[in-house]
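**Student:** next one to model:
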Amino acid sequence: MSWRPGAYARDGLRIFGWLVLRAAAQAITVLLLARWLGASQYGAFVAAVAVASFFTPLASMGMAAVILGDGARTPQEIDVLLRKAVRLWLRASLAVTPIAVVAIYASLPPAAPLAALAALALAEVAAVSLVELLARVAQAKQRAGYYGAILAGLPWSRLAVLLVLAAWVEPSLDAWVLAYAVASLLYAAVIAAVILPRACPTDLTQPQYMRNPATVGRCGYKSLSAANLAREGTPFVAGALASRLQAEFNKPVLAQLGYAQVGAFGVAQRVIDLATLPLAALQEALWPRVFATPHPYARLWRTGAILLLLALTAGGGLVMAAPLLPWLLGPEYAPAAEILALLAFLPAVQWLRNLGNAYLMLRGQSQKLSLVYATSAAAGVLLALLLVPPHGVDGAVWAMYGGEGMAIITQGILSWIPGRKA
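**Tutor:** Alright, predicted model coming up:
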């Protein structure tokens, strides 16, 4: 595939448009929920979601990334890959969701009943991982609009439920957790009902399929066993889990000092996510093109330098905008302004890490990503345990930078080891 910056820019704009809609729903939800629940109850919700999110990568088994990479290179294989990936997702979700419930209950100070925590874990582990898996199918096919729409629908469904809840129910963490779970599960079920029937059967050797040349022509390819598929997804499971640990492990540690600190930290992180939407959109539009182009290194470094400049510019804007947070959310969220200013340049560091990951993948060294992820996650967790108890939110900030920095250092070391050229 030739380098077509116009098509890349158009897909980036499409994804950006949907991400803006997604961000609008998230921003309104954070604003309403933070005010509705208050810093302490909002922090309890954020902490519970954080712990549950550790298990979301284990439910997806790395299949979203496998479909994106393999599907972009061989589009004719996407449908069969999807069916096998969904089977792996179902088994993994049934296994890890109960563990997530126990982890939430055991690691956090009491804040919600066990039934509500179980519903939250099911929504965050099973529903979120399935929606991402289905969205990556559209991204692998370079259908940027469909990809963005699937991702945007989830926060809008949650916002709709919150608006109904706020109109009829007194502020309550229990009520919101259950509503959040119901909205997430229903949305995932609807998306699955629309997309999965169109996917190919996993066994094309049955007579009804062999007699249909159209099905065989569209779906026939060299079969990949479930075990091999799971093995291919292992580095991506490690990467997603490492990212979650780096970003979220500080929250259950902070919760031991008080849920209000978790609420302030969660607000700051959400603002950063919203402010860096253009960068996220351009990244998502870039990846399938990097893997599909005959000159991937040139495209990666050329576009990567531009996106790094955008990330640094966004960081400067976040520092200037930080004092507005207490005005928007109330004085109890004043600590969020300081946290936002400290975290403002984290997206630039994360983009450097993403570039390093892509470089290793292009060199045929994707298995080495497991070591990168494991090292950075271990560093992030260790730093959080060491720095958060004595320093609170400041320690949580530096633990996040430390985890990302360790990932970059590890990538630099591994890049010296020869690998297969793309």
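**Student:** only C-alpha atoms for contact and neighbour calcs from this point on.
**Tutor:** Fine.
**Student:** host element of residue 102?
**Tutor:** helix 78-107 (DSSP states H and E).
**Student:** which other helices and strands does that helix contact?
**Tutor:** helix 5-53, helix 56-60, helix 63-73, helix 114-122, helix 128-140, helix 226-248 (3 or more C-alpha pairs under 8 Å, 6 or more residues apart in numbering; DSSP states H and E).
**Student:** mean pLDDT, distance to residue 302 and mean neighbour count added to these, as CSV?
**Tutor:** What follows is the helices and strands packed on helix 78-107, written out as CSV (pLDDT from 0 to 100; distance: least, C-alpha to C-alpha, whole Å; neighbours: other C-alpha atoms under 10 Å):
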stretch, mean pLDDT, distance to residue 302, mean neighbour count
helix 5-53, 81, 11, 20
helix 56-60, 86, 30, 28
helix 63-73, 72, 20, 24
helix 114-122, 87, 41, 22
helix 128-140, 85, 22, 24
helix 226-248, 76, 24, 21
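**Student:** and these as CSV, adding distance to residue 178?
**Tutor:** Formatted as CSV, these follow (distance: least, C-alpha to C-alpha, whole Å):
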stretch, distance to residue 178
helix 5-53, 11
helix 56-60, 18
helix 63-73, 27
helix 114-122, 6
helix 128-140, 15
helix 226-248, 21
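**Student:** ok, back up a step: what angle separates the helix holding residue 102 from helix 226-248?
**Tutor:** If you take axes from the mean of the first three to the mean of the last three C-alpha atoms, to 10 degrees, helix 78-107 sits at 40 degrees to helix 226-248.
**Student:** buried residues in helix 78-107?
**Tutor:** 78-86, 88-89, 92-93, 96-97, 100-101, 103-105 (16 or more other C-alpha atoms under 10 Å).
**Student:** and for stretch 259-273?
**Tutor:** Buried residues in stretch 259-273 (16+ other C-alpha under 10 Å): 259-269, 271-273.
**Student:** next, the distance between the ends of stretch 315-328.
**Tutor:** In stretch 315-328, first residue to last residue: 20 Å (C-alpha to C-alpha, to the nearest Å).
**Student:** what sits up against that stretch?
**Tutor:** With C-alpha atoms under 8 Å, 6 or more residues apart in numbering as the test, stretch 315-328 has contacts from 31, 272, 275, 332-334, 336-338, 340-342, 344-348.
**Student:** same check on stretch 100-120?
**Tutor:** By C-alpha under 8 Å, 6+ apart, stretch 100-120 touches 41, 44, 47-49, 51-52, 55, 98, 121, 125, 173-174, 177-178, 180-182, 252, 255-256.
**Student:** how far away is residue 303 from residue 280?
**Tutor:** On the measure of C-alpha to C-alpha, residue 303 and residue 280 end up 13 Å apart.
**Student:** so for stretch 345-355, what's the average pLDDT?
**Tutor:** The average pLDDT within stretch 345-355 is 88.
**Student:** tell me the buried residues in that stretch?
**Tutor:** Buried residues in stretch 345-355 (16+ other C-alpha under 10 Å): 345-353, 355.
**Student:** quick one: low-confidence ranges for this protein?
**Tutor:** The chain contains residues with pLDDT under 70 at 1-12, 15, 69-77, 197-226, 284-285, 287-294, 418-422.
**Student:** which residue lies nearest the spatial centre of it?
**Tutor:** residue 240 (7.4 Å; C-alpha atoms, centre = their mean).
**Student:** that residue and residue 57 touch, don't they?
**Tutor:** Yes: contact criterion C-alpha atoms under 8 Å: residue 240 and residue 57 qualify, at 5.7 Å.
**Student:** and the buried residues of stretch 259-273, which is closest to residue 392?
**Tutor:** residue 261 (8.0 Å; C-alpha to C-alpha).
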